[in-house]
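In: sequence first, predicted model second:
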Amino acid sequence: MSMITETKYGIIEVTDNVIANIAGAVAMRCYGVVGMTQKGTRDGIVNLLKKENMSKGVRVAQKDGAVSLELHIMVEHGVNIAAIGENISSTVAYMIEEMTGIIPKKVQVCVDGIRVD
């Protein structure tokens with residue numbers, strides 16, 4: 001799906017993939033985040049995604065013209081998970097609004113794993 005906005009200059013269409021790429025890139029820059037994750041469909045094991053696939057760790061849902069995001073991440077051992085989740089949620093919402101003009105209704109952060117060195 002995509003969000004369509006009409007301006008005096010024409011129509012702007014922003015696809016879910018673009019929103020997912022922005023959200024993944026922004027989340028990766030937040031402190032304590034090791035990477036985006038995705039659960040395997042067969043075994044249910046969480047896999048760390050490579051940089052070119054980080055949008056697969058983001059689910060974008062649209063309902064009644066509102067966008068909701070669900071981000072799946074892996075964090076570094078020893079960080080405050082609640083603080084990281086709040087930081088990612090607010091930063092992703094802000095950057096999506098700044099870059100696309102779309103205000104996300106909800107940004108949910110799911111911590112799927114912790115990396116221990």
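Out: Looks like it arrived, so ask away.

In: and the residue nearest to I81 when sequence neighbours are not counted, what pLDDT?
Out: Nearest residue to I81 in three dimensions, chain neighbours excluded: V111, at 5.6 Å (Cβ to Cβ, 6 or more residues apart in numbering). Backbone N, C-alpha and C define where each C-beta goes, glycine included. According to the prediction, V111 has pLDDT 92.

In: which strands and helices sit next to the longest helix seen in the chain?
Out: Longest helix of the chain, by residue count under DSSP state H: helix 81-100. For helix 81-100, the packing partners by 3 or more Cβ pairs under 8 Å, 6 or more residues apart in numbering; DSSP states H and E come out as helix 16-28, strand 66-76, strand 106-115.

In: need those in a markdown table (columns: distance to Y9).
Out: Listed next are the helices and strands packed on helix 81-100 as a markdown table, based on distance: least, Cβ to Cβ, whole Å:
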| stretch | distance to Y9 |
| --- | --- |
| helix 16-28 | 19 |
| strand 66-76 | 22 |
| strand 106-115 | 29 |
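
In: who touches stretch 85-100?
Out: 3, 14, 18-19, 22-23, 26-27, 30-31, 33, 67, 69, 71, 73, 102-104, 107-109, 111 (Cβ atoms under 8 Å, 6 or more residues apart in numbering).

In: reformat the helices and strands packed on helix 81-100 as a markdown table; add distance to A93 and mean neighbour count.
Out: Listed next are those as a markdown table, based on distance: least, Cβ to Cβ, whole Å; neighbours: other Cβ atoms under 10 Å:
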| stretch | distance to A93 | mean neighbour count |
| --- | --- | --- |
| helix 16-28 | 9 | 20 |
| strand 66-76 | 8 | 20 |
| strand 106-115 | 5 | 16 |
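
In: select, out of the ones you listed, the one closest to G57.
Out: Closest to G57 of the helices and strands packed on helix 81-100 is strand 66-76 (Cβ to Cβ; 4.6 Å).

In: output that closest one as PDB, nothing but the C-alphas.
Out: The C-alpha trace of strand 66-76 is given here as PDB (Å, rounded to 0.1, in the frame of the first residue of the first chain):
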ATOM      1  CA  ALA A  66      -3.100   6.300   9.700                       C
ATOM      2  CA  VAL A  67       0.300   4.500   9.700                       C
ATOM      3  CA  SER A  68       1.500   2.200  12.400                       C
ATOM      4  CA  LEU A  69       5.000   0.700  12.600                       C
ATOM      5  CA  GLU A  70       6.400  -2.300  14.400                       C
ATOM      6  CA  LEU A  71      10.200  -2.500  14.500                       C
ATOM      7  CA  HIS A  72      12.100  -5.600  15.500                       C
ATOM      8  CA  ILE A  73      15.600  -5.000  16.800                       C
ATOM      9  CA  MET A  74      18.600  -6.600  18.600                       C
ATOM     10  CA  VAL A  75      20.300  -4.500  21.300                       C
ATOM     11  CA  GLU A  76      23.700  -4.500  23.000                       C
END
